[in-house]
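> sharing a model that was predicted from the sequence below.
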Amino acid sequence: MSEAKTMPKVEKSEAEWRKELTPMQYAVLREKATERPFSGEYEHEKRPGTYVCAGCGQTLFESDAKFDSGCGWPSFTQPSAGNHINEERDISHGMIRTEVLCSRCNGHLGHVFEDGPTPTGLRYCINSAALKLQPK
Ligand SMILES: [Zn+2]
């Protein structure tokens, strides 16, 4: 994992976000919704490429780090760059989880769990609606 140059922060009003994003993207990124498992467009995506934030376009994950976790959402072992995501403790829904956010637009992406494969042992469980694949 490397530290990459950070782009300027993106700050928009909720009305602006609502205009730019699809209802599903808005629900996930801005309202921290979780899409239904096995419903997202990238769960079984195998094309090589880079996954960027659906809100602001910041690079988030590489297809090389994607693995089939069977959990129903796109899963990654690590982000493209450590400083492109923020992690926060999330105690909603009666669980203690670690929330993953885009560091540029503060959009909600998903959660990270410590049951992933080697080498990181991490599973970044990310909503398809928060991502856009740029195929190579
Ligand atoms: Zn973003």
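Now that the structure is in, tell me what you want to look at.
> so how far is Gly116 from Ala33?
Distance of Ala33 to Gly116, given as Cβ to Cβ, to the nearest Å: 23 Å. The way it works is simple: take the backbone N, C-alpha and C, and place the C-beta from them, glycine included.
> what sits against the residue nearest to the spatial centre of the chain?
What sits nearest the mean C-alpha location of the chain, by Cα atoms, centre = their mean, is Leu109, with 3.5 Å. Going by Cβ atoms under 8 Å, 6 or more residues apart in numbering, Leu109 touches 28-29, 53, 60, 85, 100-102, 124, 126-127, 130-131.
> which ones among these are found in helices?
In helices, judged by DSSP state H, the following of those are found: 28-29.
> check the burial of Phe38 by counting its neighbours.
Phe38 has 11 neighbours, counted by other Cβ atoms under 10 Å.
> kindly report the same for the one 4 residues further on.
If you count neighbours by other Cβ under 10 Å, Tyr42 ends up with 21.
> isn't there a helix covering it?
No - counting by DSSP: H, G, I helix; E, B strand; the rest coil, Tyr42 is not part of a helix but coil.
> the more surrounded of Ala33 and Gly116?
It is Gly116, of Ala33 and Gly116, that has more neighbours when counted by other Cβ under 10 Å, with 20 against 17.
> any idea what the residue nearest to the more buried one when sequence neighbours are not counted is bridged to?
Leaving aside its sequence neighbours, Gly116 sits nearest to Arg123 (Cβ to Cβ, 6 or more residues apart in numbering; 3.5 Å). Beta bridges link Arg123 to Phe113, judged by DSSP bridges.
> how far away is Arg123 from Val10?
The value you get for Arg123 to Val10, if Cβ to Cβ is used, is 27 Å.
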